[in-house]
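Trainee: build me a model:
(one chain, ligands or ions: 1)
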Amino acid sequence: MNLKVLILPGDGIGAEVTREAVRVLQTVARKFNHDLTLTEGLLGGVAIHKTGTPLPEETSKLALEADATLMGAVGLPEFDNAPPAQRPERGLLGIRKILGVFANLRPVRTYAALIDSSPLKNALVEGTDMIIVRELTGGIYYGTPRGISGEGDEERAVNTMAYTRAEIVRVTRMAFNLARARRRKVTSVDKSNVLENSQLWRRVVCEVAPEFPDVQLDHLLVDNAAMQLVLNPRRFDVLLTENMFGDILSDEGAVLAGSIGMLPSASIGDRKPSGAWVGLYEPVHGSAPDIAGQNKANPLGAIGSAAALLEYSFGLKREADAVSAAMEKVLNSGNVTADLRPKGTPATTEQVGQAVCAAIE
Ligand code: NAD
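Mentor: Okay, here's the model as predicted:
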């Protein structure tokens, strides 16, 4: 298979962890006989330095040409007080928009070697393996009318939670398709006891479900879902929800995994003419200025994002599984970065990347 991938290393540790994720992609391509065509673009603070804008036109063009995009992280402290349009983070929102990615996927799983890193009791989190599918382009973050008006006691603020049927259908199909490659269970999360918006959400999810008779569907109200995530996380396979509920629940899910450096994410759009799903893959963490340039960032979130790229954009499940198995082997060996609190001397970013590649070979 020909894999055309755009690499956007970004700022701080983004560049360091992406280097290791690329090393892993190259190893997988070699071992499984794929042609990997890599291009590299500028995004974030590094792009502002070199071109004056966080998302240069050239980067947008490269992203539209590639089958999938692997990103590091953006953000530099020197831009903390810059106006929003001139901040590195604006590049991130811009590239999501240009690619039209509408579903954010966050796999959450616990690794046996990291079970003590979770603040929750081992018996509760052990064996957790879920994907949170969060709708990314609609809901209360984008709905209109919105704004603050009036004065004094009459000052009021309004946000609007809006979804169209089409927006719900496409993300629901995405969740069911993912479930087919997993344990075949979708849990849709809403607040249909109170919100009309959620009533439409639930009705449309129920209408789509018969297209996937082999996948089981259940529903949870969001307050109960928040509780079940920490009481019984193993009950979830694919958790499907709207934008704001997903924003909140996915951070709760992140606690289950131990360190923020472990967490991958994928933002997915429609299919390209080539058959590949449009996808933007990045670790959940930021550019971590406090440890940037020290070769000590955990690259496993970025490497997990590369595994997600192989699976979701190219359907290469076997290759993605090989990366996950290699990551697990490295975790079990204890050859890990400082954030995972190893017993001996912490490994460097580069050493972890090399160890994952060696385990794949
Ligand atoms: P952060 O995720 O960069 O760092 C939070 C803490 O986690 C830090 O102590 C950091 O050292 C640690 N950490 C993060 N990733 C790690 C890794 N891979 N290995 C080991 N430790 C790791 O969040 P922040 O400090 O709030 O933000 C720093 C900058 O990153 C800001 O400019 C912010 O806007 C940006 N940011 C970007 C993204 C993105 O590009 N998607 C996401 C979040 C934050």
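Trainee: ok, the residue in the stretch 251-361 of the chain positioned nearest to the ligand - contacts?
Mentor: Nearest residue of the stretch 251-361 of the chain to the ligand: residue 286, at 2.4 Å (Cβ to the nearest ligand atom). Using the backbone N, CA and C atoms, a C-beta is placed for each residue, glycine as well. Residue 286 is in contact with 12, 73, 74, 75, counting by Cβ atoms under 8 Å, 6 or more residues apart in numbering.
Trainee: can you tell me the SS state at it?
Mentor: The three-state label given to residue 286 by DSSP: H, G, I helix; E, B strand; the rest coil is coil.
Trainee: same check on the one 5 residues further on?
Mentor: For residue 291, the secondary-structure state derived from three-state DSSP is coil.
Trainee: that one and residue 297 touch, don't they?
Mentor: Yes - in terms of Cβ atoms under 8 Å, residue 291 counts as a neighbour of residue 297; the distance is 5.8 Å.
Trainee: do stretch 267-274 and the ligand meet at all?
Mentor: No - looking at stretch 267-274 against the ligand by Cβ under 6 Å from any ligand atom, there are no contacts, and the closest approach is 10.4 Å.
Trainee: and that stretch, how far from the chain's centre?
Mentor: In terms of Cα atoms, centre = their mean, to the nearest Å, the centre of stretch 267-274 is found 16 Å from the chain centre.
Trainee: alpha carbons only: can I get it in PDB?
Mentor: Taking Å, rounded to 0.1, in the frame of the first residue of the first chain, the C-alpha atoms of stretch 267-274 are listed here in PDB:
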ATOM      1  CA  SER A 267      -9.700  13.400  14.400                       C
ATOM      2  CA  ILE A 268     -11.500  11.900  11.400                       C
ATOM      3  CA  GLY A 269     -13.400  13.300   8.500                       C
ATOM      4  CA  ASP A 270     -14.900  11.800   5.300                       C
ATOM      5  CA  ARG A 271     -13.400   9.300   3.000                       C
ATOM      6  CA  LYS A 272     -11.000  10.500   0.300                       C
ATOM      7  CA  PRO A 273     -11.300   9.300  -3.300                       C
ATOM      8  CA  SER A 274      -8.300   7.000  -2.600                       C
END
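Trainee: buried set for that stretch?
Mentor: 267, 268, 269, 272 (16 or more other Cβ atoms under 10 Å).
Trainee: where's the second one, which helix or strand?
Mentor: Spelled out, that is residue 268. Using DSSP states H and E, residue 268 maps to strand 264-271.
Trainee: among the contacts of residue 286, which two are most distant?
Mentor: Longest distance between any two of the contacts of residue 286 is 8.4 Å, between 12 and 74; criterion Cβ to Cβ.
Trainee: now do the shared contacts for those two.
Mentor: 286, 287.
Trainee: okay, who's weakest in the buried residues of stretch 267-274 by pLDDT?
Mentor: For the buried residues of stretch 267-274, the weakest pLDDT value sits at residue 272, with 77.
Trainee: spatially nearest residue to it, not counting backbone neighbours?
Mentor: residue 278 (5.9 Å; Cβ to Cβ, 6 or more residues apart in numbering).
Trainee: neighbours around the one you found, how many?
Mentor: Using other Cβ atoms under 10 Å, residue 278 has 22 neighbouring residues.
Trainee: ok, residue 49 next?
Mentor: The burial count for residue 49: 13, using other Cβ under 10 Å.
Trainee: and it, how far is that from the ligand?
Mentor: As judged by Cβ to the nearest ligand atom, to the nearest Å, residue 49 and the ligand stand 15 Å apart.
Trainee: okay, and that residue sits in which element?
Mentor: For residue 49, the host element (DSSP H and E) is helix 45-51.
Trainee: buried sites along that helix?
Mentor: Buried residues in helix 45-51, counted by 16+ other Cβ under 10 Å: 45, 46, 47, 48.
Trainee: got the buried residues of stretch 267-274 as TSV, with distance to residue 218 columns?
Mentor: As requested, the buried residues of stretch 267-274 are exported to TSV (distance: Cβ to Cβ, whole Å):
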residue	distance to residue 218
267	25
268	23
269	27
272	32
